[in-house]
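Below are the sequence and a predicted model; questions follow.
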Amino acid sequence: MIIKNIMSEDPICIDKDQNICDALRLMGKRNVSRLLVINTNSDHERELVGIVTEKDIALKLGSSRYGNMAPSHFHVSTVMTQELITADPDMDAGNAANMMLENNIGSLPVLRDDEIVGIVTKSDLLDICRGRAYERYTAADVMSTEMITVSPAERVVHARRMMIEAGIGRLLVMEEDELAGILTARDMTRAVINFRKLVPDRHKPSRIRNLLVEDIMKQNVRTVAEDTPVTEVASLMLETGYGGFPVTNQKVEGIVTKTDILDLMVEIEGVF
């Protein structure tokens, strides 16, 4: 399978000089978590200059350095990733998955002769993992058992640091060995944006520093059993839009994410 057959041919773009409120509105309207960032050059041609994700915005807004700045004051160019890793439309899907894993990224802009022709994401690749070759694998075969967890009483700024250091976009929230919730970069972005609208400027830095995980985490978390086939897990991720599920067998045994399933894909496709 080559990526031109699975990529989105109409990637959502935003100008680098728009602000991150515009970016979040566009993401919500188009139900995507990333945007390609463009600049119009002196020849009136669009050129790709970066990519911005909900996770980028969450990590920036949650920092103490930017704690008192309104989101409308951030240009997309201050948050975006500029070091782009791109793909050719004829690249094999297994190689695209391997490139994402090696660089810890969730998508690849697809270019032909420097022109944007699409974007391929982990979700696009996940669709391949619903095929027959994956039926004999279960959630237990691919899950990560070294879970990074946080307490509901922990401060959000600490959870943010944990995500940055681990290079992940979600944390399981555990209370006395019981699953209490899940905290994602998307939850953090939406909470901080709403928080900034409601809290007076002079109180924002201290209130954001003291915001707790339990204030913004998702509860009643959907889980999958250890023996759930990978094909079913992949389908659940595509249907719900969730990037990962805790894996249970009476208690939480691990977590399975898109990255874990792409690891399996790279192994099956024989990419080294």
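Nice, I can see it.

what pLDDT does I3 get?
Listed pLDDT for I3 reads 92.

That one and M99 touch, don't they?
No - with contacts counted by CB atoms under 8 Å, I3 stays clear of M99, the gap being 10.4 Å. Heads up, the C-betas are built off the backbone N, CA and C, glycines and all.

Can you work out which residues contact both of the two?
87, 108 (CB atoms under 8 Å, 6 or more residues apart in numbering).

Figure out how far the helix ranked longest in the chain is from the centre of its chain.
In the chain, taking DSSP state H as the definition, the longest helix is helix 185-198. Distance, stretch centre to chain centre, for helix 185-198: 16 Å (CA atoms, centre = their mean, to the nearest Å).

so what secondary structure elements neighbour it?
helix 20-30, helix 54-61, helix 156-166, helix 204-209, helix 213-216 (3 or more CB pairs under 8 Å, 6 or more residues apart in numbering; DSSP states H and E).

looking at those, which is buried most?
helix 54-61 (a mean of 22; mean count of other CB atoms under 10 Å).

Can you identify the element that follows it toward the C-terminus?
For helix 54-61, the succeeding helix or strand toward the C-terminus, using DSSP states H and E, is helix 76-79.

Identify each buried residue in that next one, please.
For helix 76-79, a neighbour-count test (16 or more other CB atoms under 10 Å) marks 76-77, 79 as buried.

got CSV for those residues, with pLDDT too?
Putting these into CSV (pLDDT from 0 to 100) gives the following:
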residue, pLDDT
V76, 92
S77, 92
V79, 89
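
nearest to M237, of these?
The shortest approach to M237 among those belongs to V79, at 25.8 Å (CB to CB).

Could you measure from the closest one over to V52?
6 Å (CB to CB, to the nearest Å).

Now the common contact residues for the two.
Common neighbours of V79 and V52 (CB under 8 Å, 6+ apart) are 20, 23.

how about low-confidence regions in the chain?
62-71, 195-208, 270-272 (pLDDT under 70).

measure V142 to K258 for me?
11 Å.

Apologies, that question was intended for P89.
22 Å.

So for the two, which residue has more residues nearby?
For P89 versus K258, neighbours defined as other CB atoms under 10 Å are more numerous around K258 (24 against 16).

check contacts around that one.
Applying CB under 8 Å, 6+ apart, the residues near K258 are 106, 122-123, 126, 237, 243-244.

Which of those fall within strands?
G244 (DSSP state E).

Over to the residue nearest to V221 when sequence neighbours are not counted: give its phi and psi.
The shortest distance from V221 to any non-neighbouring residue, by CB to CB, 6 or more residues apart in numbering, is to I182 (4.9 Å). Main-chain torsions, I182, degrees, to the nearest 10: phi -140, psi 140.
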